[in-house]
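In: This is a predicted model, with the sequence first.
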Amino acid sequence: MAARKQSSKRKQPSRTRRGGARKSASSRSTRQPSDAIALLRADHQMVQGLFDQFEKTRSEDRKAALAEQICNELTIHAQIEEEIFYPAAREAIRDEDLLDEAKVEHDSAKTLIEQIQGEGPQGELFEAKVKVLGEYVKHHVKEEQNELFAQVRKTKLDLKELGERLQQRKTELMEGGGAAGGRTASSGMAGSRRSAQAAKTTKRAEKEGIVAAFTRGLGLARE
Ligand SMILES: [Fe+2]
Ligand SMILES: [Fe+2]
């Protein structure tokens, strides 16, 4: 008679917030998405959450930690897609162009990631690059989810088996520190802070060019 109970278990709201940048790498490894697409989508969502946190926080240390984690997550994600998912998709669907574009988009994102990780968190350029990376990834994810995944779903590809392979490779890369494993969220960047500061003036001049180039890239990739 009474209204249905909404839920007996209440969420614990801010538990993961506190150490989000460092924590999720380990908690995530226990999650088992149902198939390849679910796994990749979960990655997309998680990285988007990190970009959102980056936008919101005012703390420079937190920004540095988040940027490092974003770069590590994206590097691993791109690697498992390129090693496992894209080749399988290429074989299953008849849209070479879509996969070629996806690969080019990965390469552009990697260039930006290398710069972000190499130069460190100080200076306007750092934030601009992380933001542009966020826009770039958002675009790429949209294409993957709306076009590539949609097409792959229609094929007879064994997505469960593919998902297991993706998960296994991902775990390997994270544990082996394939892309630094997201472990030293702030230390790597902290070390390069001084040099980044010194280069701040010259970077400013580069800023517009980089942002413009990647924005252009977005436009091109859309075609
Ligand atoms: Fe992806
Ligand atoms: Fe991708």
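Out: Arrived safely. Numbers count the residues shown, from 1 in each chain. Ligands and ions are numbered 1, 2, ... in the order given.

In: and residue 41, what is it in contact with?
Out: 33, 145, 149 (Cβ atoms under 8 Å, 6 or more residues apart in numbering). In short, each C-beta sits where N, CA and C put it, glycine included.

In: cool, and residue 145?
Out: 41, 44 are the contacts of residue 145 under Cβ under 8 Å, 6+ apart.

In: That one and residue 95: what is the separation?
Out: Applying Cβ to Cβ, to the nearest Å, the value for residue 145 to residue 95 is 15 Å.

In: Secondary structure element for the residue nearest to residue 127 when sequence neighbours are not counted, which one?
Out: Nearest non-adjacent residue to residue 127, counting by Cβ to Cβ, 6 or more residues apart in numbering: residue 63, 7.2 Å away. Assessed by DSSP states H and E, residue 63 sits inside helix 60-80.

In: now residue 155
Out: Using DSSP H and E, no helix or strand contains residue 155.

In: Would you check that it makes contact with residue 93?
Out: Yes - the criterion here is Cβ atoms under 8 Å, and residue 155 meets it with residue 93 at 6.1 Å.

In: circling back to that earlier point, save the contacts of residue 41 as TSV, and put in secondary structure and distance to residue 121 too.
Out: Shown next, in TSV, are the contacts of residue 41 (DSSP: H, G, I helix; E, B strand; the rest coil; distance: Cβ to Cβ, whole Å):
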residue	secondary structure	distance to residue 121
33	coil	31
145	helix	30
149	helix	33
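
In: any chance of those residues in CSV, with pLDDT and distance to residue 126 too?
Out: Formatted as CSV, those follow (pLDDT from 0 to 100; distance: Cβ to Cβ, whole Å):
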residue, pLDDT, distance to residue 126
33, 74, 32
145, 97, 28
149, 97, 32
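
In: what's the next helix or strand after the helix holding residue 63 packed up against?
Out: Later in the chain than helix 60-80, the nearest helix or strand by DSSP H and E is helix 86-92. Packing contacts for helix 86-92, counted by 3 or more Cβ pairs under 8 Å, 6 or more residues apart in numbering; DSSP states H and E, involve helix 96-119, helix 149-153.

In: right, is helix 86-92 up against ligand 1?
Out: No - figure legend: helix 86-92 not in contact with ligand 1 (Cβ under 5 Å from the ion); closest approach 9.5 Å.

In: Could you check how far the residue nearest to residue 127 is from residue 72?
Out: For residue 63 relative to residue 72 (Cβ to Cβ), the value is 15 Å.
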